[in-house]
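K.L.:
Provided below for reference: sequence and predicted model.
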Amino acid sequence: QQAAESNAVPPPVYDDPRDPWERVNRPLWDFNYDVLDAYVLRPVTVGYMTVVPKPVRKGLINVVDNLGEPASFLNSILQAKPEKAAVSAGRFLVNSTVGIVGLFDVASKMGMEPAEEDFNQT
């Protein structure tokens, strides 16, 4: 058995100057990938996809998308795009009221397509 251990390749030593936190990052990534993802996140995701019906999942996605409209409005203003800002404000107003807090994307059915301006663009 000692012969097998002496032939084993030692794990590589990482020392990349671009990542001063590499000694912390690598073990954390390994833990996230090997443990957290495999035993927590993936089973929760599979359970969610199995239990929650597709229309409900779509409604939750719509709510989250609706919550992003104020940021899109602000970024449109900062980028001097008043038409897109008006569309974002209108989408938020319509979907938050008629669309029941954004569960339904009524604004798209009314022809108001999302502008999706973000801080990276600004």
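P.N.:
Structure's in. What do you need?
K.L.:
For the strand or helix carrying residue 74, buried residues please.
P.N.:
Here residue 74, judged by DSSP states H and E, is contained in helix 69-78. Within helix 69-78, the residues that count as buried by 16 or more other C-beta atoms under 10 Å are 69, 72, 73, 74, 75, 76, 77. Placement of C-beta: from N, CA and C, glycine included.
K.L.:
Looking at those, which two lie furthest apart in space?
P.N.:
Farthest pair in these (C-beta to C-beta) is 69 and 77. Separation: 12.6 Å.
K.L.:
and the helix holding residue 74, what other elements does it pack with?
P.N.:
helix 82-97 (3 or more C-beta pairs under 8 Å, 6 or more residues apart in numbering; DSSP states H and E).
K.L.:
Let me see the mean pLDDT of whichever helix or strand comes after the helix it packs on.
P.N.:
Toward the C-terminal end, the helix or strand that comes next after helix 82-97 (DSSP H and E) is helix 106-109. For helix 106-109, mean pLDDT rounds to 96.
K.L.:
So which bits of stretch 89-104 are buried?
P.N.:
For stretch 89-104, using 16+ other C-beta under 10 Å, the buried residues are 89, 91, 92, 94, 95, 96, 99, 102, 103, 104.
K.L.:
just those residues now: which is nearest residue 116?
P.N.:
residue 91 (10.5 Å).
K.L.:
which regions of the chain lie under the pLDDT threshold?
P.N.:
Under the criterion pLDDT under 70, the flagged ranges of the chain are 1-6.
K.L.:
quick one: which of the buried residues of helix 69-78 is nearest to residue 11?
P.N.:
residue 75 (44.9 Å).
K.L.:
Go ahead and confirm that closest one touches residue 121.
P.N.:
Yes. Using C-beta atoms under 8 Å, residue 75 is in contact with residue 121, at 6.5 Å.
K.L.:
How much space separates the residue nearest the centre of the chain from residue 101?
P.N.:
What sits nearest the mean C-alpha location of the chain, by C-alpha atoms, centre = their mean, is residue 64, with 10.1 Å. Note on residue 64: its distance to residue 101, by C-beta to C-beta, to the nearest Å, is 11 Å.
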